[in-house]
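*Asks:* here is my input; please provide its structure:
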Amino acid sequence: MPGPGLRAPHPLGPRQRRQPPVRVGGPAPVHPRSRRRPRPHQRPGVHPARRHRALPVQPRDHRGQGPRARRRLPVPPAPPAQPGRAGQPHHRLTQRRGRHHVKALSVRQPWAWAILRAGKTIENRTRGTSHRGLLLIHSSRSMAATAEQHQIEDLAHPLRIPPFGRPAEDTALKFGAIIGAVTLDRVHTCDGSCSPWAWPGAMHWVLSAPVVLTDHIEVPGRLGVWDVPADIADRVRKAMPR
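*Replies:* Numbers count the residues shown, from 1 in each chain. The predicted model follows:
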C-alpha cells in the first residue's frame, strides 16, 4: 500500500495503457446516435481544398457604361447672359418659387450718386461676386471720407459733371434708401487701364445702364450683395421710370 498522499501505480504500467486508435484516412468516426452531420472535409471523396465550386467573376459597370447603367438624358447648356445695353437696363424683377430673387448693394454717398449721375462705371470692392444682371443701388446712411469726396470732385471736373449736392430734391442724393438700379456685367481684377474710377489692387465690378428711381425707398442696408424682400421689390418695380 502506498503511503498517505501517494497515488497507486496503474496495473498495466505507463507503456501498457490503452491508447486511442490512430485513424489513417477516411471519415472521422461518428456515434450512431449522434445527430451531428460530418463536415464537408470529413466526408469521403471531398478534398479539403475543393469544398465549393468557384463562381465566375462578373465584370462591374465602369462609370455607368455597363449594360445595367441608368441612362441619363443630356442636359441642355444654359443660354449665355445678355448684358444690358446703354439706355436699356434690365429693370424686370424675376420671381422664382414664390420668392423674388432681386439683389442690392449698399454704397456710401457720394459714390452712389456718382454711379447713377456721374458716369461711374466701376465699383471698387475687396472681393468679387457671382451675381450678374440687375443690381439695385442702396445708399448708406453714412458719408464717405473727405478725401474720397475730393477724389470724386477731381474726377467729375474734367468730365463736366455738376457738383455733388445739386439739386437737393434729386433721388440720387438720398441716404438710407434704394435710389436706383444698374446692370452688373462682369467682375475682373485690376489691370491698370480699366477706367479713371478704378482703384489699383481692387476687384472691379463693371456697371452699365444706370437708372434713377422716381422715388427713393427707405430700407436698412447690409454688407455685400443682399436679397431684397418681396414687398420692397414690388415698390421698386412701381418706382422704375417708364
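*Asks:* all contacts plus neighbour counts: C-alpha atoms, from now on.
*Replies:* Will do.
*Asks:* longest strand in this structure, please.
*Replies:* strand 203-218 (DSSP state E).
*Asks:* list the strands paired with that strand, with their directions.
*Replies:* Strand pairing for strand 203-218, determined by DSSP bridges: strand 122-125 (antiparallel), strand 177-189 (antiparallel).
*Asks:* of all those, which one is nearest His131?
*Replies:* Evaluated with Cα to Cα, the strands paired with strand 203-218 place strand 177-189 nearest to His131, the distance being 7.7 Å.
*Asks:* pull out the buried residues from that closest one.
*Replies:* Neighbour-count burial for strand 177-189, counted by 16 or more other Cα atoms under 10 Å, picks out 177-187, 189.
*Asks:* tell me where the model's unsure across this protein.
*Replies:* Applying pLDDT under 70 to the chain picks out residues 1-100, 144-169, 192-193.
*Asks:* at 80 what do you get?
*Replies:* 1-101, 142-173, 190-197, 242 (pLDDT under 80).
*Asks:* still on that earlier bit, including distance to Arg108, could the strands paired with strand 203-218 go into TSV?
*Replies:* Listed next are the strands paired with strand 203-218 as TSV, based on distance: least, Cα to Cα, whole Å:
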stretch	distance to Arg108
strand 122-125	11
strand 177-189	11
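*Asks:* which one of those lies closest to Leu136?
*Replies:* Here strand 177-189 is closest among those (Cα to Cα), at 4.2 Å.
*Asks:* now that closest one - C-alpha only, CSV.
*Replies:* Output of strand 177-189 as CSV, limited to C-alpha atoms (Å, rounded to 0.1, in the frame of the first residue of the first chain):
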residue,chain,number,x,y,z
ALA,A,177,-32.7,104.1,-49.2
ILE,A,178,-32.8,102.3,-52.6
ILE,A,179,-32.3,105.1,-55.1
GLY,A,180,-31.6,103.4,-58.4
ALA,A,181,-30.5,100.3,-60.4
VAL,A,182,-27.7,99.2,-62.7
THR,A,183,-26.6,96.2,-64.6
LEU,A,184,-23.6,94.2,-63.3
ASP,A,185,-21.9,92.9,-66.5
ARG,A,186,-18.7,91.3,-65.2
VAL,A,187,-16.1,91.3,-62.4
HIS,A,188,-12.4,91.3,-63.0
THR,A,189,-9.1,92.2,-61.3
